[in-house]
Structures are given as structure tokens and as C-alpha cells.
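# next comes the sequence, and after it the predicted model I'd like to discuss.
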Amino acid sequence: MMNSSGAETVAGRVRLVLDTVRRAEARAGRPSGSVRLVAVTKSVPVELMQEGIDAGLSLLGENRLQEAQAKMAALTARPVRWHFIGHLQRRKVRSAIGRFDLIHSVDSVELAQEIDRRAGDAGLCQDILLEVNIGSESTKSGFHPDALIGMMPTLAPLARVRIRGLMAIPPRTPEAEQARPYFRRLRDLACRIGELHLPSVAMAELSMGMSNDYEVAIEEGATLIRVGTALFGARSL
């Protein structure tokens, strides 16, 4: 159990995380509100999501398209925005575009091209982040950090996607501080891409940091943190 502040409830956890985010912003010398909290709601019942929304959550991140669609229908009257943060299969792109303000997990040129094609068919533009395999792990998807800059001339001309920044999940570490070099590497990569001044490419967003290390990620420049367990408790995924 947590302390008497009420942090054993969803509402209390939301308040605790938001307060911690603001303190981390201040510690890093960043303006209040420069970091947005993406509540990871995979396997979270709608009732608990509603509690979180009432407590101040406004940006929800889903990993599974079918689950997201059901929750969107249930929460259609609530003032929330949706991000897609899980692996997106190319055959499901048509169902994803336009539903989410931002797709965090574009992990290949081919997926970006499919999003571009499907967005063109639908007459819209889709904001995306490029997922980077920042630890070069064989078990994870994503662009290799050393190869991504060379791929940018292929990605930048896509007319129906807007590349807004980068996303990464560092290797699992026992201590949050050990993730710092990976967050720093992602930030430096974003700076290098930004210096290319490519059309339709902005490095405004860095999606990095989760429940166990989001304070370190904020100190290293995260603009979006993806937090689930710290808000909703441990789940059976």
C-alpha cells in the first residue's frame, strides 16, 4: 500500500505521477507542461480509465487496435485524445490511420510507406514517430540508430505522413539511472536529424520513459512519457 495521500487509488496515483512530472521538469530547468503524460491503458478496464480521466488524464495510449476501438466507442463523450503505442501490422494500417493523433511505433520504411499510402486513400495526413531500437537489441523492432539518418531521404518525401520525432524503449535495466545513456543517445539522434532540415520532418517529440524511469527521461528531454503501472498498478498482460 502507498501512503495516506490516497495514492493507492487510480486518482491518487494520477496526482502523484503528475506531481512527479512537474518536479522533474523543474529540476531539469524545463517549463511546466513541456512533458505530456501518455497513460498506457493496455488491459485496463474502462471503469478505471474513467477514474483516471476524472483525475486529470487526457492522453491515452493503446497497444492493440481492436482493444482501442472498443474503448474509443465507450469513451466517446470524454475529453481525451488517443495515441497508438504498440506494434502496428501493415495489414491493420487502414484501420488505424485517422483514429489516433499520433502513432509512436513506426519501425520500418515499409510501414511508413503503407501509412502514407493509406492516409492518401483516406484524404488525410497522419502524424507519426519513428521507433528506434536504441539498444540495438535483436529481440526488438525499430530503426537501427546508426542507420536512421541514411534512411531519412527516403522517409522525408512521404506526402501523407508528418514525422514528428522519435520513440524508443531502452533495454531493461535494474536502476532507472542506467537508462540515461540510451535516452541521451535518442535525444542526440533527434538533434542530428533536425539539422538536416528535411521537409515534413520535425524532431519536436521524444517519446521515451516509462513507469520505472520516466523522471530520468524527462531530465534527458522527453516530451512524451508512456506510463501504465504507476497509474493503474500491475496488470496481467
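Here it is on my side, so go on.
# go through stretch 27-34 and flag the buried ones.
Going by neighbour count (16 or more other Cβ atoms under 10 Å), the buried part of stretch 27-34 is 28, 30. Where you see a C-beta, it was placed from the backbone N, CA and C, and this is true even at glycine.
# endpoint to endpoint, it covers what distance?
Across stretch 27-34, the terminal residues are separated by 13 Å (Cα to Cα, to the nearest Å).
# run through who's touching it.
Outside stretch 27-34, the residues that touch it by Cβ atoms under 8 Å, 6 or more residues apart in numbering are 22, 25-26, 218-219, 223.
# and which of the residues you listed is nearest Glu114?
Taking Cβ to Cβ as the measure, Glu114 sits nearest to Thr223 out of those, at 25.8 Å.
# contact partners for the residue nearest to the spatial centre of the chain?
The chain has Ser207 as the residue nearest its centroid, 4.6 Å off, counting by Cα atoms, centre = their mean. By Cβ under 8 Å, 6+ apart, Ser207 lies in contact with 38, 85, 104, 129, 165-168, 222-226.
# now do the strands in the protein.
36-40, 59-62, 81-84, 102-106, 126-132, 161-168, 201-207, 224-227 (DSSP state E).
# now for the third one, which elements pack on it?
This means strand 81-84. Under the contact definition 3 or more Cβ pairs under 8 Å, 6 or more residues apart in numbering; DSSP states H and E, strand 81-84 sits against strand 59-62, helix 65-74, strand 102-106.
# make it 6 Å
Under the contact definition 3 or more Cβ pairs under 6 Å, 6 or more residues apart in numbering; DSSP states H and E, strand 81-84 sits against strand 59-62.
# just the C-alpha atoms of the strand it packs on, please, in PDB.
Taking Å, rounded to 0.1, in the frame of the first residue of the first chain, the C-alpha atoms of strand 59-62 are listed here in PDB:
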ATOM      1  CA  LEU A  59      -4.000  11.500 -23.400                       C
ATOM      2  CA  LEU A  60      -4.400   7.700 -23.600                       C
ATOM      3  CA  GLY A  61      -2.000   5.300 -25.300                       C
ATOM      4  CA  GLU A  62      -3.200   1.900 -26.600                       C
END
